[in-house]
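Engineer: build me a model:
(one chain, ligands or ions: 1)
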Amino acid sequence: MPRQTPKSLKDNNKTSLKRSFSALIFIPRFFKEIWRTNKKKFLLSAFCRLIGAVLPVVILWVGKIIIDEIILQSKAETADLTNLWTYVGVEFALIILSDLISRAIALTDSLLGDAYSISSSVSIIKKTNQINISLLEDSEFYDKLERARTQTTGRVGLMSNALGEVQSLISIATLVAGLIYFEPYLIILLILSIIPSFINEIWFSQKQYSLARGWTAERRELDYLRFIGANNQTAKEIKLFGLTDFVVGRFKNLSNEYYELNKKLAIKRSALGFLFNVLGTLSYYGAYVFIIYRVISGVITLGELTFLSGAFNRLTRNLQDFFSKFTRITESALYLKDYFEFLDISIAPTHIEDQVLPETISMGFEFKNVHFSYPDADVEILKGVSFKINAGEKMAFVGQNGAGKTTLTKLLLRFYEPTSGEILLDGININRFNKAAYQEFFGVIFQDFFKYEFTVKENIAIGNIDELDNQEKIETAAALSLADEVVSELKLGYDQQLGKRFYKGQELSGGQWQKVALARAYMKDAKVMILDEPTSALDAKAESEVFERFIGLTKDKTSIIISHRFSTVRQADRILVLKDGKVLELGTHQQLMDKQSLYAQLFALQAEGYQ
Ligand SMILES: Nc1ncnc2c1ncn2[C@@H]1O[C@H](COP(=O)(O)OP(=O)(O)OP(=O)(O)O)[C@@H](O)[C@H]1O
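Structural biologist: Sure thing, here's the model as predicted:
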C-alpha cells in the first residue's frame, strides 16, 4: 500500500522566510554558550580571524605596489631594486602569516567545537533527567529531544560558520573600501551579481529545513527500522520470523519518499545555483573589461589593475561564500531554536512543595479514590482505587496483565499524577514534598529494567552510584540477589564488561541479568522497596531463595512486590488484587483463600500446574 505523505510534512512545509530569520535571535545566546565553554580559545579564535580578515586586502595592496615598482624601475635609466625586493619580502612574509593564521583558525575551531559538543551534550543529558517521565513519553516532545540531540554536530558547524561569517564581513568591508577608493562604480556591478544567488540560497535553505523538520517523526521511524534490522538483540527474531523483507520494505518505502523529495530539492538548488554563479562570473568579466579600458586610457596604473581585478574577484567569491554561509547559518539557527526550546522547557514544580519529608515512615501510604488515565489516552486505567500500605508492611500487587499494577507504582513514585483523588504519605499529599527528595525514599527494580552495557560492578552500583568504589557493599548486594553466583563464573569477575556492544563484553542470560539488576535494590538503604516482577526469568528455586532473602532483609521496611508467581506473593503481609483498574480484594493470603474469590481461583490454578 503506498504511504501517504506524512502529516507532519504537510503541516510544516510552510516554514517561512521570516521564521528562518527570526531564529537568528538565538545566535547571541549561542555565542554566550561557546564563550562559557572556553574563554581563552574563543578569544584566540576571534583574534586570528581578525588578522585573517584584513590580510587579503593587505596582500593585494602589496601586490599592486610590487607591480607599480617593477614598471617604475623598468622605465628608469639605472634601476634601484632595493625597494622592490623589500616589497617582495613583505609579500612572502604575509603569505606565510596567512597560512599560519588559517591553520590556527582551523585548529581553534576544531578544539572549541569539540569542547562545545561535549558541553551541549551534557546539557541535554542533564535536562532530560529533569524532565517528567510523562513528558518523555509524549511523541511531540520526543521529536524535540531528538532534534536537539541529533543536531550536535550541526551546532559545531554553525559555530565555525558564524565565526567565519564575522571574519568574511570584515574582509569584505576592507575590500569594498579598496574598490571605493579607486573605482566606486564597480560596487554597483558587484551588488547586481550577488543578490540573485543570495535569494536563491535563502529560499532553498528554508525549504530544506521544512523538509527535514517535517520528517522528524519519520526519520525517527527510519532510525528505529535501521536499529531493529541490524543489531544483535533483534537478529534472532528477524531471522526466525523471516522479517528481513518486511523491515527492508518498510524502510525502503519510507526512505525512498524522503530521498525523492530531497533529490528534487537538491537538483533545483544546484541548477539555479549554477545559473546565478554564471551571472557572478559575467559581472566579474564586465568589471575586468571596464578596468582594462581605464588602464589603457591612463586613468589607473597596471598595479591598480591587478589590485582591482584581484579585489573584485575576491569580493564576488567572498560575498557568495558569505551568503551561502549565511543561509547555512539561518538553517542551523532553526535547529538552534529546537535546542534552546528544549533546554528552556519549564521544570518548575507544579505543586507547592512545602512539606518536610518524615525521617521515618510512621503511618504509611494511602491511595484515596485515585483515578488515572495516561496523558492523551481516553481509557481510564485506574477507576477509583483506595487502599493503605502500612508502615513496615510487605504488600503484594496481583492481577492480570494490564490490570494497572505497574501504573500504581508509577503514581506512587510521582512519575505521573492521578487524574483525580490523592496519594498520601503519613497523611500528607505526596505532591507537597520535594520531588527529588521524595523519590530518594525508594529503591525500585522495574520489570523492564535497563541492561547497562557497563561492567558488573557498575551495573550493581547504579542502585547507588555514590558507592561505586565501595566493593564490599557491591559484593554484599550481589550476594543478596544471588548475582554473586553469576559473577563467580565470569572471567573478570566484577570488572567484567557486560553485553556484546563493547570489546570483550560478556552477554548474560535473562535470569542472570535479573540477578545483577536486583542487586541494585540492595545498594541503597531505601525506606521503601518496590520490586516489579524482577524475578520472572529466575528458576523456581532461585526465585524462592531471592525472596526469602528479600523478606529477611526488609523485615521492617515498607515494600511492594508485583509478581505473577503465587508462591512468592503468598509470603507478603497483605495482597492487593486489582481487576480492570479497581481493587477487587485486599487481605492476607489466608483471608483471600478463605474468600474463595479470584485470588483463590488463580492460586489454585497455578498450584495445579506445579503438581
Ligand atoms: N505509558 C503508557 N501510556 C499509555 N498507556 C499505558 C502506558 N503504560 C501502560 N499503559 C496501559 O495501562 C494499562 C495498565 O498497564 P500496567 O503496566 O499498569 O499493567 P500491569 O498490571 O502492570 O500489567 P503486567 O502484569 O502486564 O505488567 C495497560 O492497558 C497499558 O496498555
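Engineer: I'd say Asn318 and Ile170 touch.
Structural biologist: No. Using Cβ atoms under 8 Å, Asn318 is not in contact with Ile170, being 10.5 Å away. Yep, even glycine has a C-beta here, placed from its N, CA and C like the rest.
Engineer: settle it for me: which of those two has more neighbours?
Structural biologist: Asn318 (20 against 15; other Cβ atoms under 10 Å).
Engineer: hang on, that one in a helix?
Structural biologist: Yes. With DSSP: H, G, I helix; E, B strand; the rest coil as the criterion, Asn318 is located in a helix.
Engineer: tell me the contacts of it?
Structural biologist: When the contact criterion is Cβ atoms under 8 Å, 6 or more residues apart in numbering, the partners of Asn318 are 168, 171-172, 175.
Engineer: identify the farthest-apart pair in those.
Structural biologist: Maximum pairwise distance in those, criterion Cβ to Cβ, is 10.2 Å, between Ser168 and Leu175.
Engineer: quick one: which of the contacts of Asn318 has the most company?
Structural biologist: Tallying neighbours with other Cβ under 10 Å puts Leu175 at the head of those, with 24 neighbours.
Engineer: any idea how far that one lies from Ala53?
Structural biologist: Distance of Leu175 to Ala53, given as Cβ to Cβ, to the nearest Å: 10 Å.
Engineer: what of Ala526?
Structural biologist: 60 Å.
Engineer: up against the ligand, what does this protein have?
Structural biologist: Residues of the chain found near the ligand, taking Cβ under 6 Å from any ligand atom as the criterion, are 137, 374, 377, 381, 399, 401-407, 447.
Engineer: of those residues, which belong to strands?
Structural biologist: Secondary structure from DSSP state E places Gly399 of these in strands.
Engineer: of the residues of the chain next to the ligand, the lowest pLDDT goes to which?
Structural biologist: Of all those, Glu137 carries the smallest pLDDT score, 69.
Engineer: how about the strands in this protein?
Structural biologist: Remark: strands of the chain, listed N- to C-terminal, are 364-372, 382-390, 394-399, 420-425, 428-429, 442-445, 528-532, 558-562, 574-579, 582-587; assignment by DSSP E.
Engineer: worst average pLDDT in these?
Structural biologist: Among the strands of the chain, strand 442-445 scores lowest, at a mean of 86.
Engineer: show residues contacting that strand.
Structural biologist: 409, 413, 463, 517-518, 520-524, 526-532, 534.
Engineer: distance check, Ile228 against Leu222.
Structural biologist: Applying Cβ to Cβ, one obtains 11 Å for the distance of Ile228 from Leu222.
Engineer: what's the neighbour count on Leu319?
Structural biologist: 22.
Engineer: check contacts around it.
Structural biologist: Each residue near Leu319 by Cβ under 8 Å, 6+ apart is listed here: 172, 190, 194.
Engineer: tell me the one among those nearest to the ligand.
Structural biologist: Sorting those by distance to the ligand puts Ile194 at the head of the list, at 53.6 Å, by Cβ to the nearest ligand atom.
Engineer: check what pLDDT the residue lying closest to the closest one once chain neighbours are set aside gets.
Structural biologist: Nearest residue to Ile194, sequence neighbours excluded (Cβ to Cβ, 6 or more residues apart in numbering): Leu319, at 4.7 Å. Listed pLDDT for Leu319 reads 83.
Engineer: quick one, what contacts Phe22?
Structural biologist: Small correction: residue 22 is Ser, not Phe. Taking Cβ under 8 Å, 6+ apart as the criterion, Ser22 is in contact with no other residue.
Engineer: how about Glu507?
Structural biologist: The contact partners of Glu507, taken as Cβ under 8 Å, 6+ apart, are 498-500.
Engineer: where in the stretch 451-600 of the chain is pLDDT low?
Structural biologist: Along the stretch 451-600 of the chain, segments meeting pLDDT under 70 are nowhere present.
Engineer: can you give me the helices in it?
Structural biologist: With DSSP state H, counting those that start in this stretch as the criterion, the stretch 451-600 of the chain has helices at 456-461, 471-480, 483-488, 510-521, 540-553, 566-569, 589-595, 598-610.
Engineer: buried sites along the fourth one?
Structural biologist: Of the residues in helix 510-521, those with enough neighbours to count as buried (16 or more other Cβ atoms under 10 Å) are 511-521.
Engineer: chain center to it, what's the gap?
Structural biologist: 29 Å (Cα atoms, centre = their mean, to the nearest Å).
Engineer: repeat for the first one
Structural biologist: Averaged C-alpha coordinates place helix 456-461 at 25 Å from its chain's average position (Cα atoms, centre = their mean).
Engineer: that helix packs against which elements?
Structural biologist: Secondary-structure packing of helix 456-461 (3 or more Cβ pairs under 8 Å, 6 or more residues apart in numbering; DSSP states H and E): helix 471-480, helix 483-488, helix 510-521.
Engineer: wait, which of the helices of the stretch 451-600 of the chain is closest to Tyr185?
Structural biologist: Closest to Tyr185 of these is helix 456-461 (Cβ to Cβ; 70.9 Å).
Engineer: still on that earlier bit, just the buried ones from the contacts of Glu507, in ChimeraX syntax?
Structural biologist: In ChimeraX, the members of these classed as buried (16+ other Cβ under 10 Å) are selected with the following command:
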select :498,499
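Engineer: quick one: the contacts of Glu507 as TSV, columns for distance to Lys252 too.
Structural biologist: Putting these into TSV (distance: Cβ to Cβ, whole Å) gives the following:
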residue	distance to Lys252
Leu498	35
Gly499	30
Lys500	28
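Engineer: residue contacts, the residue of the chain most remote from its centre?
Structural biologist: What lies farthest from the middle of the chain is Glu77; by Cα atoms, centre = their mean that is 73.2 Å. With contacts defined as Cβ under 8 Å, 6+ apart, Glu77 has no neighbours.
Engineer: per-residue confidence at it?
Structural biologist: The predicted local confidence for Glu77 comes out at a pLDDT of 84.
Engineer: for it, phi and psi?
Structural biologist: As for Glu77, its main-chain torsions (degrees, to the nearest 10) stand at phi -70, psi -50.
Engineer: offset the numbering so it begins at 741, please.
Structural biologist: Got it, first residue is 741 now, which makes that one Glu817.
Engineer: which helix runs longest in the chain?
Structural biologist: When the chain is scanned for its longest helix (criterion: DSSP state H), the result is helix 984-1036.
Engineer: so which elements touch that one?
Structural biologist: When contacts are defined as 3+ Cβ pairs under 8 Å, 6+ apart, helix 984-1036 packs onto helix 926-954, helix 956-969, helix 1042-1083.
Engineer: rank these by pLDDT, which is bottom?
Structural biologist: Between the helices and strands packed on helix 984-1036, the one with the least mean pLDDT is helix 926-954; it has a mean of 78.
Engineer: which positions within it qualify as buried?
Structural biologist: Within helix 926-954, the residues that count as buried by 16+ other Cβ under 10 Å are 926, 929-930, 933-934, 937-938, 940-954.
Engineer: nearest residue to Tyr925 other than its sequence neighbours?
Structural biologist: Excluding its sequence neighbours, the residue lying closest to Tyr925 (Cβ to Cβ, 6+ apart) is Phe1030, at 7.6 Å.
Engineer: so who does Lys1213 touch?
Structural biologist: 1204, 1207, 1263.
Engineer: break the chain down into its domains, please.
Structural biologist: Here the chain is described, according to automatic domain parsing, as comprising the domains 766-1083, 1191-1266.
Engineer: so which of those is the most packed in?
Structural biologist: domain 1191-1266 (a mean of 18; mean count of other Cβ atoms under 10 Å).
Engineer: ok, now which ones touch Lys1322?
Structural biologist: Taking Cβ under 8 Å, 6+ apart as the criterion, Lys1322 is in contact with 1122-1125.
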